[in-house]
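A.B. asks: just coords:
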């Protein structure tokens, strides 16, 4: 199957308008490869048939799958660690002083583009450590959103291969991550208290 120019342009224009993701000519082969699985799943024989279904037929439910296909979910625990240092060293003390956030009223945070959950779960660790450091009952909640349903499913499970949590400092790893009882699987899960602090939405 070949992704013809007309169909590629329809798809790339729609993807840019809907998601803000640029899909230049250099990505045509990549897009064709990722969409090939969707064509097989739908029993379609051409990209033209897929485009007609998506844009002219009853393809509204297919958008979720298209968005999953075109998004690249890049994230890590404690990615850009300087940002978290700035949050606890500068932002939170100032917010608490000026608005009472976290003390007189809950602090609400939004993790936009949360991908598979590493960022919001990092925030739960950082904020719990901050609460312990300031000696107050620091109240917070996190709303985490992403366009990819596939990524959100992983985030809600909060189960990760051990190599994914290597950036987490060992003391925090011991406190906030649970090892799988089946040690051969080498998986960890975020502790229930931290999972409850995050609400995931598409």
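C.D. replies: Nice, I can see it. Nothing here was measured: the structure is a model prediction, and the numbers come from that model.

A.B. asks: buried ones in the longest helix seen in the chain?
C.D. replies: With secondary structure taken from DSSP state H, the chain has its longest helix at helix 118-134. For helix 118-134, burial by neighbour count (16 or more other C-beta atoms under 10 Å) applies to 118-131. In this view, the C-beta of every residue, glycine as well, is placed from N, C-alpha and C.

A.B. asks: which other helices and strands contact the next helix or strand after that helix?
C.D. replies: The helix or strand immediately downstream of helix 118-134 is strand 140-145, counting by DSSP states H and E. If contacts are counted by 3 or more C-beta pairs under 8 Å, 6 or more residues apart in numbering; DSSP states H and E, strand 140-145 sits against strand 107-112, helix 118-134, strand 198-201.

A.B. asks: quick one, which of those is nearest to residue 33?
C.D. replies: Proximity to residue 33 (C-beta to C-beta) singles out helix 118-134 among these, at 26.0 Å.

A.B. asks: how about CSV for the buried residues of helix 118-134, with pLDDT added?
C.D. replies: CSV is the format used below for the buried residues of helix 118-134 (pLDDT from 0 to 100):
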residue, pLDDT
118, 93
119, 94
120, 95
121, 97
122, 95
123, 95
124, 96
125, 95
126, 93
127, 91
128, 91
129, 90
130, 87
131, 86
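
A.B. asks: need those residues in CSV (columns: distance to residue 184).
C.D. replies: Below are the buried residues of helix 118-134 laid out as CSV (distance: C-beta to C-beta, whole Å):
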residue, distance to residue 184
118, 24
119, 29
120, 29
121, 24
122, 27
123, 31
124, 28
125, 26
126, 31
127, 33
128, 30
129, 31
130, 36
131, 36
